[in-house]
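Q: Fold the following, please.
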Amino acid sequence: MDVRTLHERYKSLGDQTVEVAGWVRNNRAQKAFGFIDLNDGTNFNGIQIVYEDGFVEAFKSIQKIRIGSSIRVKGKLIETPDMKQPFEIKATQIDLVGDASEDYPMQPKRHSREFLRQNAHLRPRTNLFTAVFRVRSILTHAIHSYFQERNFIHLASPIITGVDAEGAGEFFRLTNFDLSNIPKTEDGAIEFKQDFFGKPTYLTVTGQLEAEIFAQAFSRAYTFGPTFRAEKSNTQTHASEFWMVEPEMAFTDLKGNMDSAEEMVKYIIQYVIDRAPEEMAFFDRFVQKGLLKKLNEVVNKPFKQVTHKAAIEILQKAKVQFENTPVQGSDFAKEHEKYLVQHFDGPVFVIDWPKDIKAFYMRLNDDLETVAAMDLLVPQAGELIGGSQREERLDVLKSRMKDMQIPEADLWWYLDLRKYGTTPHSGYGMGFDRMLMYLTGVENIRDVIPFPRTPKNCEF
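A: Reported below is the predicted structural model:
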């Protein structure tokens with residue numbers, strides 16, 4: 001029986017013999033008895049195993065079982081309503097399955113996050129990362145549940161691409177060439193026609209454009225998968241490999257887009273709170289004080305809205321000395337986002353962004369200066385979601401691509417969507433890992449990704 005089942009059914013199993021297997025988190029051996037903290041990973045809280053001399057076989061050997069070892073336990077389940085734990089198992093037999101040597105790194109003491117990152121193969125056995133990665137799993141299910149319940153079709157968008165959808169140029173390039181003998185043309189350029197795909201290819205930065213294709217057939221579609229950026233940034237919020245949630249909706253304007261984003265954020269927060277109460281209580285107590293209060297306020301408050309122009313004016317009038325001066329037509333710095341969520345006392349959508357700092361596919365507004373884009377800013381995390389109404393007018397889209405020097409030939413199929421039954425449509429992207437940081441209070445993206453990929457780091 002696993003640990004979660006025992007926690008769920010212990011009241012009906014009192015005084016019965018049970019069997020459980022897991023890993024030793026601690027072994028407090030005393031002269032005539034001892035206590036083992038056991039967890040098999042199925043539940044945040046483990047089980048206390050009590051073993052006594054004369055009651056369990058091989059008592060002296062059990063006393064020597066080291067932390068990190070795997071064991072199998074048979075014993076009687078006893079309720080302990082007056083103790084810290086609701087029940088314990090009085091062992092009659094404990095078998096060592098896999099020994100752990102004395103140099104096992106995850107001893108029951110405080111370890112630095114950096115030390116735990118260096119031991120990413122073992123850190124899931126610690127309380128913090130048991131909680132983080134279980135919530136990551138639950139959040140994954142929450143994403144799919146939200147969209148599936150609303151008749152979105154899930155699209156596994158390609159990871160290998162030949163298109164720069166964002167115009168950012170921060171690609172990881174792919175090749176099958178022998179790097180010591182790369183074929184060149186007569187003028188010295190790389191002869192991509194001889195490469196595997198016959199053209200330059202990259203790891204994708206987004207699944208959005210493919211999701212737009214499916215939205216124009218299924219009305220609602222979403223991608224949920226890995227994306228990659230070759231940005232040489234070592235900040236706490238950047239990773240080279242991360243997951244994105246990207247829904248696209250036909251017959252939907254910017255307002256409908258924001259309604260969906262707000263509903264989705266509230267849904268997944270509540271979903272996690274309801275299904276991971278022990279983990280969320282742990283984060284609230286040990287990682288970020290007031291976390292649950294913050295999250296509950298997000299769930300229960302309507303999100304506010306402000307234009308980019310008005311937001312810059314608010315920042316310019318603020319009685320705060322910003323390191324980065326807010327300027328009309330420019331993007332926000334992190335400090336600006338933080339001030340705006342404080343000013344609006346909660347999440348706020350910033351809409352109608354200057355066209356020159358947004359992507360080519362965002363719908364041009366009637367003023368010809370701004371696009372129908374939105375960013376969702378939330379307390380402490382800053383930008384959580386970015387999206388827009390997409391440009392459905394073929395002539396305007398072509399003009400924008402020309403202005404931004406994006407070749408039409410690479411996106412002929414994207415332009416075709418505007419020729420064959422186009423619709424007003426919208427979508428947004430949410431960084432899954434940043435959402436997990438927001439939910440858990442964990443400040444570094446490296447600590448919410450099981451095996452993070454960052455500049456100069458590709459271990460495990």
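Q: can you give me the helices in the stretch 151-300 of the chain?
A: Counting by DSSP state H, counting those that start in this stretch, the stretch 151-300 of the chain has helices at residues 208-218, 254-275, 277-282, 291-300.
Q: Listing partners with orientation, what would you give for the helix or strand residue 35 falls within?
A: Assigned by DSSP states H and E, residue 35 belongs to strand 33-39. Strand pairing for strand 33-39, using DSSP bridges, gives strand 17-29 (antiparallel), strand 47-52 (antiparallel).
Q: ok so, going back, for residue 120, which of the helices of the stretch 151-300 of the chain is the nearest?
A: Counting by C-beta to C-beta, residue 120 lies closest to helix 277-282 out of those; the figure is 19.2 Å. (Glycine included, C-beta is placed from N, CA and C.)
Q: In the closest one, which residues are buried?
A: 279, 280, 282 (16 or more other C-beta atoms under 10 Å).
Q: Now pLDDT too, for those residues, in a markdown table please.
A: Formatted as a markdown table, the buried residues of helix 277-282 follow (pLDDT from 0 to 100):
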| residue | pLDDT |
| --- | --- |
| 279 | 98 |
| 280 | 98 |
| 282 | 97 |
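Q: Redo these as JSON lines? Include distance to residue 206.
A: Formatted as JSON lines, the buried residues of helix 277-282 follow (distance: C-beta to C-beta, whole Å):
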{"residue": "279", "distance to residue 206": "30"}
{"residue": "280", "distance to residue 206": "30"}
{"residue": "282", "distance to residue 206": "34"}
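Q: Can you tell me which of those residues is closest to residue 315?
A: Among the buried residues of helix 277-282, and counting by C-beta to C-beta, the member closest to residue 315 is residue 280, at 33.2 Å.
Q: Any idea which of the helices of the stretch 151-300 of the chain gets closest to residue 55?
A: Short answer: helix 277-282, nearest of these by C-beta to C-beta, at 30.4 Å.
Q: Can you give the distance of the closest one from its chain's centre?
A: 18 Å (C-alpha atoms, centre = their mean, to the nearest Å).
Q: Check what contacts that helix and list those residues.
A: 43, 44, 45, 127, 130, 131, 134, 135, 272, 273, 291, 292 (C-beta atoms under 8 Å, 6 or more residues apart in numbering).
Q: Closest one of these to residue 373?
A: residue 272 (27.9 Å).
Q: Count the residues that sit near that closest one.
A: 24 (other C-beta atoms under 10 Å).
Q: can you check residue 240 too?
A: Around residue 240 there are 20 residues (other C-beta under 10 Å).
Q: if I pick it, what's in contact with it?
A: Counted by C-beta under 8 Å, 6+ apart, residue 240 has contacts 172, 228, 229, 230, 231, 453, 454, 455.
Q: is it true that the fourth one touches residue 174?
A: No. At 11.5 Å, residue 230 and residue 174 do not qualify as touching, with contact defined as C-beta atoms under 8 Å.
Q: dump the residue contacts of residue 3.
A: 20, 22, 38, 39, 40, 41, 42, 43, 46, 47.
Q: So for the nearest residue to residue 379 once chain neighbours are set aside, what's the pLDDT?
A: The shortest distance from residue 379 to any non-neighbouring residue, by C-beta to C-beta, 6 or more residues apart in numbering, is to residue 341 (4.8 Å). As predicted, residue 341 sits at a pLDDT of 94.
Q: So residue 341: helix, strand or coil?
A: With DSSP: H, G, I helix; E, B strand; the rest coil as the basis, residue 341 sits in helix.
Q: before we move on, what about residue 373?
A: Per three-state DSSP, residue 373 ends up strand.
Q: residues touching it, list them.
A: Counting by C-beta under 8 Å, 6+ apart, the residues that residue 373 touches are 254, 351, 352, 353, 358, 362, 386, 387, 388, 389.
Q: Next one: the fifth one from residue 370, what distance?
A: I take that to be residue 358. To residue 370, residue 358 is 9 Å away according to C-beta to C-beta, to the nearest Å.
Q: about what we covered before: which one of the contacts of helix 277-282 is nearest to residue 161?
A: Nearest to residue 161 out of those is residue 135 (C-beta to C-beta; 30.4 Å).
Q: Now the closest one: which helix or strand?
A: Here residue 135 is assigned to helix 127-149, by DSSP H and E.
Q: which other helices and strands contact that helix?
A: strand 153-155, strand 220-228, helix 254-275, helix 277-282, helix 432-440 (3 or more C-beta pairs under 8 Å, 6 or more residues apart in numbering; DSSP states H and E).
Q: Tell me what angle the second one forms with helix 254-275.
A: Pointing back at strand 220-228 there. Per axes from the mean of the first three to the mean of the last three C-alpha atoms, to 10 degrees, the angle that strand 220-228 makes with helix 254-275 is 70 degrees.
Q: what ranges do the strands span in the stretch 301-450 of the chain?
A: 304-307, 348-354, 370-378, 382-390, 425-431 (DSSP state E, counting those that start in this stretch).
Q: Of the ones you listed, which is nearest residue 415?
A: Across these, closest to residue 415 is strand 382-390 (C-beta to C-beta), at 12.5 Å.
Q: from the chain's centre, how far out does the closest one sit?
A: So, by C-alpha atoms, centre = their mean, the centroid of strand 382-390 is 16 Å from its chain's centroid.
Q: the inter-axis angle of it versus helix 432-440?
A: Going by the same axes, to 10 degrees, strand 382-390 makes 140 degrees with helix 432-440.
Q: Check which residues of strand 382-390 are buried.
A: The neighbour-count check on strand 382-390 (16+ other C-beta under 10 Å) flags 382, 383, 384, 385, 386, 387, 388, 389, 390 as buried.
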